[in-house]
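In: Generate a structure from the sequence data that follows.
(one chain, ligands or ions: 2)
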Amino acid sequence: MWPYPRILAHRGGGTLAPENTLAALRCGLAYGYRAVEFDVMLAADGVPVVVHDPELGRTVAGSGAVSDYTAAQLGAMEAGAWFGPAFAGEGVPTFEAVVAYCKAQRIWMNIEIKPAPGHDAQTGEAVARAARDYFAQEIAAGEILPLLSSFSTAALQAARQAAPELARGWLVEQLPPDWARQARELDVVALHCDHQQLTHALALAIKEAGLGLFCYTVNTPERASELLAWGVDGFCTDRIDLIPSME
Ligand code: G3P
Ligand code: MG
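Out: Ligands and ions are numbered 1, 2, ... in the order given. Here you go, the predicted model:
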């Protein structure tokens, strides 16, 4: 039913490394994590890059939008120094580079499609198409594939069209009353819920509906145990130092 790893390092290395960088992936791996979540957006040249915010300034030094710069320009920007001097020199990685690293290290991926405002379908299509190319061999061999996810239903629909072979999860902050119908229409395999909005009854109903249930972002071992006891299939965490990966 849930063929994927259960515990994922959020944004690569949680809060132990600069999010969505290759350093974050190395950090996750150092803590024994062979499963990660990261965010993918489009650069100005349409190349998918791994970054969370559509605007520069918080984790990437500079100003303006991610969509103002090419992937090469973003790669040369400073995306590690904000976290600490030891991480200075980390750039914004391309999706391709992150996938290459994960495949080389046998790290499973939950690829969150994170469209910049107004770029929903375009981002869903481009990320799914790229992922389909990167995983062509695994698709042909019938192996376990990465899971795409998004808060954007337009991105999910575009991803489904572009790469129907790749399963999708629907990220929701607050579950709408007609979540079961919407999930069916979107043809997703899982709901990705904010664990703070999840109740035991809701967890049971989601599992009863035959859907996978993933939670974000679970940062205490106590809450992790509670959610797993409720039947939650998997979750991502920022606290890879407190919660063992279970792999
Ligand atoms: O995919 C789970 C989680 O990453 C969603 O929220 O804002 O951290 O991307 P955010
Ligand atoms: Mg995310």
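
In: quick one: A205 is in a helix?
Out: Yes: secondary structure of A205 (DSSP: H, G, I helix; E, B strand; the rest coil): part of a helix.

In: Quick check: R58 touching W82?
Out: Yes: here R58 lies in contact with W82, judged by CB atoms under 8 Å, at a distance of 7.3 Å. Every C-beta, even on glycine, is put in place using the N, C-alpha and C of the backbone.

In: With neighbour numbers in mind, choose between those two.
Out: Neighbour count, other CB atoms under 10 Å: between R58 and W82, W82 has more, with 16 against 10.

In: for the residue nearest to that one when sequence neighbours are not counted, phi and psi?
Out: Nearest residue to W82, sequence neighbours excluded (CB to CB, 6 or more residues apart in numbering): T59, at 5.6 Å. T59 adopts backbone torsions of phi -110, psi -20, taken as degrees, to the nearest 10.

In: what number of residues lie near T59?
Out: Neighbours of T59 under the rule other CB under 10 Å: 22.

In: What's the per-residue pLDDT of it here?
Out: pLDDT recorded at T59 is 98.

In: Where does L29 fall, secondary structure wise?
Out: Assigned by DSSP states H and E, L29 belongs to helix 22-30.

In: coming back round to it: mind listing what the residue nearest to W82 touches?
Out: P18, E19, N20, V51, H52, D53, A79, W82, F83 (CB atoms under 8 Å, 6 or more residues apart in numbering).

In: surely the first one meets E90?
Out: Think P18. Yes: at 5.8 Å, P18 counts as touching E90 under the criterion of CB under 8 Å.

In: shared neighbours, these two?
Out: A79, G80.

In: now the longest strand anywhere in the chain and helix 22-30, what's the angle there?
Out: Longest strand of the chain, by residue count under DSSP state E: strand 35-42. Orientation check (axes from the mean of the first three to the mean of the last three CA atoms, to 10 degrees): strand 35-42 against helix 22-30 gives 170 degrees.

In: tell me which residues of the longest helix along the chain are tucked away?
Out: Looking across the chain with DSSP state H, the single longest helix is helix 120-134. Within helix 120-134, the residues scored as buried using 16 or more other CB atoms under 10 Å are 120-132, 134.

In: Stretch 185-200 now?
Out: Within stretch 185-200, the residues that qualify as buried are V188, V189, A190, L191, H192, C193, H195, L198, counting by 16+ other CB under 10 Å.

In: how about the closest residue to ligand 1 within the chain, phi and psi?
Out: In the chain, the residue that lies nearest ligand 1 is Y216 (3.6 Å; CB to the nearest ligand atom). Backbone torsions for Y216, taken as degrees, to the nearest 10, come to phi -130, psi 160.

In: how about the strands in the protein?
Out: 7-10, 35-42, 48-50, 108-113, 147-150, 168-172, 190-194, 212-216, 234-237.

In: will you turn those into a markdown table that also has distance to ligand 2 and mean pLDDT?
Out: Putting the strands of the chain into a markdown table (distance: least, CB to the ion, whole Å; pLDDT from 0 to 100) gives the following:
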| stretch | distance to ligand 2 | mean pLDDT |
| --- | --- | --- |
| strand 7-10 | 7 | 98 |
| strand 35-42 | 4 | 98 |
| strand 48-50 | 10 | 99 |
| strand 108-113 | 4 | 99 |
| strand 147-150 | 8 | 99 |
| strand 168-172 | 8 | 98 |
| strand 190-194 | 9 | 98 |
| strand 212-216 | 7 | 98 |
| strand 234-237 | 8 | 98 |
